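S.K.: pasting a predicted model and its sequence here:
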Amino acid sequence: MTTALALTASAELGECHASIAQHSKSFALAAKLLPAAARDDAAVVYAWCRRADDAIDLAPPAEQPAALTRLYDELTAIDAGAAPPGVPRAFAAVVGIRQIPLAYPRALLDGMAMDVADTRYRTFDDLFAYCYRVAGVVGLIMCHVMGVRDDRALVPAVHLGIGMQLTNVCRDVAEDWDRGRLYLPEELLARHGVRGLAAHLGGPLPAFAHAAVRATVRELLDVADRYYASGVAGCRALPWRAGFGVRAAARIYRAIGTRLRRRGGDALAGRAVVGKAAKLGHVALAALGALAEAPARGLARLRIGSPRLPTRTLELPDVPVA
């Protein structure tokens with residue numbers, strides 16, 4: 001029984017679809033391209049991740065440690081078969097049906113713990129670990145939702161999540177600064193002429209740092225492109241419709257970085273967005289890309305067989321740098 005069939009009669013699935021529709025038009029569009037069997041489960045995964053993120057980001061700083069503890073406790077309850085109603089119970093159903101290792105959502109909470117601990121990112125490796133936890137593991141969860149032909153597709157799934165999170169980091173510099181957070185690695189900022197920028201958190205972003213921030217954003221967008229390329233290369237291991245949806249999501253999200261590049265990497269000039277017409281254009285190009293890999297997909301079907309649930313649990317040390 002799919003999660004969709006199990007939850008159709010309840011309000012929980014509707015709550016999950018409402019969450020993705022409200023908070024991410026890009027992901028909502030990409031989710032519509034997924035096979036019917038995966039569409040509802042993808043909405044549930046998104047809703048759980050979004051709910052966890054909001055539980056931390058929307059809480060006053062003094063209350064964030066307690067909010068994080070509640071999320072860990074909730075995950076323990078899911079593991080014990082005692083998930084609370086609403087999104088957690090829907091997520092528990094997906095975890096059970098799709099055999100999702102709880103190490104993945106736990107790693108996501110570990111990433112949020114880095115925010116609660118006010119982590120400083122000295123090197124790209126520090127940022128890489130954060131991106132793996134808050135986004136790479138979502139790619140791994142989605143491999144269980146959609147199925148893969150080959151466990152070697154797990155690394156590209158992580159890479160795609162990391163590419164998307166690097167895009168988030170670049171797009172949201174101003175918003176994160178206002179929250180008292182700086183994800184741009186100190187070693188990259190120093191390479192572009194600014195040291196100790198985190199010491200200025202709590203006030204306006206200093207004008208003397210603007211050029212270095214723009215240069216660092218451009219550099220991180222170049223790095224993100226390598227992760228997008230690796231992620232898209234793994235699409236042939238997915239079912240056709242799933243690969244199409246993933247390609248579309250990757251193209252739409254990558255286009256945010258393209259917008260930022262056209263502004264010289266100026267993430268302080270307002271949030272970079274991709275309009276509806278442009279999104280539809282990327283969907284069309286994603287369809288062409290999915291069709292182009294049909295021969296390789298057919299050979300994979302003959303050689304490996306139909307998509308299945310992953311048999312391997314990937315951890316941070318298993319993920320190479322792209």
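M.R.: Received the coordinates, thanks. Residues are numbered from 1 along each chain as shown.

S.K.: so which helix or strand takes in T69?
M.R.: Taking DSSP states H and E as the criterion, T69 maps to helix 64-79.

S.K.: name the helices or strands packed onto that helix?
M.R.: helix 36-57, helix 87-98, helix 103-116 (3 or more Cβ pairs under 8 Å, 6 or more residues apart in numbering; DSSP states H and E). No exception for glycine: its C-beta is placed from N, CA and C like everyone else's.

S.K.: show residues contacting that helix.
M.R.: Helix 64-79 is contacted from outside by 52, 55-56, 59, 83-84, 88, 91-92, 95, 102, 105-106, 109, 112-113, 115-116, using Cβ atoms under 8 Å, 6 or more residues apart in numbering.

S.K.: between the helices and strands packed on helix 64-79, which one is nearest to V217?
M.R.: Across the helices and strands packed on helix 64-79, V217 has its closest neighbour in helix 103-116 (19.9 Å, Cβ to Cβ).

S.K.: figure out how far that closest one is from the centre of its chain.
M.R.: 13 Å (Cα atoms, centre = their mean, to the nearest Å).

S.K.: what do you get for stretch 301-316?
M.R.: 20 Å.

S.K.: buried set for it?
M.R.: 307, 310, 314 (16 or more other Cβ atoms under 10 Å).

S.K.: quote the end-to-end distance of it.
M.R.: Length of stretch 301-316, first residue to last, Cα to Cα, to the nearest Å: 29 Å.

S.K.: so for S24, what's the pLDDT?
M.R.: Listed pLDDT for S24 reads 64.

S.K.: actually L201, not the one I wrote
M.R.: 95.

S.K.: cool, and V94?
M.R.: On the pLDDT scale, V94 gets 94.

S.K.: state the distance from the residue nearest to V158 when sequence neighbours are not counted to I162.
M.R.: In this structure, V158 finds its nearest non-sequential neighbour in G136, 3.9 Å apart by Cβ to Cβ, 6 or more residues apart in numbering. Using Cβ to Cβ, to the nearest Å, G136 is found at 5 Å from I162.

S.K.: neighbour-wise, which of these two wins?
M.R.: G136 (33 against 29; other Cβ atoms under 10 Å).

S.K.: dump the residue contacts of that one.
M.R.: With the criterion set at Cβ under 8 Å, 6+ apart, G136 makes contact with 157-159, 161-162, 165, 319.

S.K.: follow-up on the earlier one: ChimeraX command to pick out the buried ones of the contacts of helix 64-79?
M.R.: In ChimeraX syntax, the buried subset of the contacts of helix 64-79 is picked out as below (16+ other Cβ under 10 Å):
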select :52,55,56,83,88,91,92,95,105,106,109,112,113,115,116
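
S.K.: endpoint to endpoint, stretch 304-322 covers what distance?
M.R.: 25 Å.

S.K.: show residues contacting it.
M.R.: With contact meaning Cβ under 8 Å, 6+ apart, stretch 304-322 is reached by 98-99, 101, 103-104, 107, 128-129, 132-133, 136, 140, 143-144, 146-151, 154-155, 158-159, 162, 223, 226-227, 229-230, 237-239, 242.

S.K.: could you redo the last one with a cut-off of 7 Å?
M.R.: 98-99, 101, 103, 128-129, 132, 136, 140, 143-144, 147-151, 154-155, 158-159, 226-227, 230, 238-239 (Cβ atoms under 7 Å, 6 or more residues apart in numbering).

S.K.: with that, I have no additional questions.
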